[in-house]
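A.B. asks: no sequence on this one, just coordinates:
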């Protein structure tokens, strides 16, 4: 399981690195541009690691099925050699599928606008720019996406049907709860990933909205990788014990909320600015407003972050409280 988790974490990191740096550079650039080659590479790699994530979740579901339904044969059925072969097969399918998408997309003619209404190169925003007939590309996108997501979804569904039936046959309540708890983290990742993916790619073209697609893309490329880290860290016994102690005591609750407040404030500032800059409708776009948001993102937030996190220090809080009390007394 941890072998597949390492690969899944690597894919999450790669998806963020493929999209985030260019997006952050665009914050500082007055003219946002990307070369044809860079666009091709970005699109190719984002599809590769998107497919790998999808297929890895299916492989992990099968791994959970073997671990719960055939526990005594687990080391034989899921040998190190087989795990490596499965991961190599997943990576191969991702690369081949992405090459098909890239070849089909970039053989089209782009004779009209060259402005991509998105913050990274993706299939659907590029199809909108083409002046060629894109019906074949839409069919190819639908068929291949349906095959990969469909096969993964069926594998996950069948695995969990057998897992649940096996768990219900266990007489020990403690064993049932432990098995369900083990699977809950993987199921949460599956719901987050497939829910976003199905919403993005398997909806009718008539109901397609570029602004909606941008919001979902931010959620898929930035938010979900952060959530997965939190989700899988809860499997650690020490993390669970510390969280349980913090929640059950009143003092611990205040301490936990205080600890999270600083990070949440930073997250709100960062993603609030990000969403404001990139997810506003094109019709209401203003360069002056974009400059103000860029100044806030590149200067103000960078100054606020050290101040926010310094407030966690007791001595800083005591000094600040003392200075405020003195100021109020003098006034």
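C.D. replies: That came through, no problem. For clarity, every value in this text was computed on a predicted model and none was experimentally measured. Residues are numbered from 1 along each chain as shown.

A.B. asks: Spell out which residues make up each domain of the chain.
C.D. replies: With automatic domain parsing as the criterion, the domains of the chain are listed as 2-235, 238-331.

A.B. asks: Tell me who's in contact with the residue lying closest to residue 8 once chain neighbours are set aside.
C.D. replies: Distances taken as CB to CB, 6 or more residues apart in numbering put residue 56 closest to residue 8, at 5.1 Å, once the chain neighbours are dropped. Any C-beta I mention is one placed from the backbone N, CA and C, and that applies to glycine too. When the contact criterion is CB atoms under 8 Å, 6 or more residues apart in numbering, the partners of residue 56 are 4, 7, 8, 11, 87, 90.

A.B. asks: tell me which of the residues you listed is nearest to residue 50?
C.D. replies: When the contacts of residue 56 are compared for distance to residue 50 (CB to CB), residue 11 comes out closest, at 8.3 Å.

A.B. asks: I'd guessed the closest one sits against residue 51; true?
C.D. replies: No - assessed by CB atoms under 8 Å, residue 11 is found out of contact with residue 51, at 9.5 Å.

A.B. asks: thinking again about what came up before, comparing the domains of the chain, which gets the lowest mean pLDDT score?
C.D. replies: When mean pLDDT is averaged over each of those, domain 238-331 scores lowest at a mean of 66.

A.B. asks: Show the buried residues in the contacts of residue 56.
C.D. replies: 4, 7, 8, 11, 87, 90 (16 or more other CB atoms under 10 Å).

A.B. asks: Now name the helix or strand holding the fifth one.
C.D. replies: Same thing as residue 87. Here residue 87 sits within helix 80-105, counting by DSSP states H and E.

A.B. asks: Can you mark which positions in that helix are buried?
C.D. replies: Burial within helix 80-105, assessed by neighbour count using 16+ other CB under 10 Å, is assigned to 83, 86-87, 90-91, 93-94, 97-98, 101-102, 104-105.

A.B. asks: same for the very next helix or strand once past it, what does it pack against?
C.D. replies: Taking DSSP H and E as the definition, the helix or strand that follows helix 80-105 towards the C-terminus is helix 123-129. Counting contacts by 3 or more CB pairs under 8 Å, 6 or more residues apart in numbering; DSSP states H and E, helix 123-129 packs against helix 36-69, helix 80-105, helix 135-168, helix 210-218.

A.B. asks: Kindly reformat the buried ones among the contacts of residue 56 as CSV containing distance to residue 272.
C.D. replies: CSV is the format used below for those (distance: CB to CB, whole Å):
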residue, distance to residue 272
4, 34
7, 33
8, 28
11, 27
87, 38
90, 36
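
A.B. asks: Leaving out sequence neighbours, find the closest residue to residue 134.
C.D. replies: Closest residue to residue 134 apart from its sequence neighbours, by CB to CB, 6+ apart: residue 127 at 4.7 Å.

A.B. asks: residue contacts, that neighbour?
C.D. replies: 105, 108, 134, 137, 138.

A.B. asks: same question, residue 74
C.D. replies: By CB under 8 Å, 6+ apart, the contact list for residue 74 reads 66, 67.

A.B. asks: which SSE is it in?
C.D. replies: Applying DSSP H and E as the criterion places residue 74 in helix 74-77.

A.B. asks: List the buried residues for that helix?
C.D. replies: Applying a neighbour-count criterion of 16+ other CB under 10 Å, one finds nothing buried in helix 74-77.
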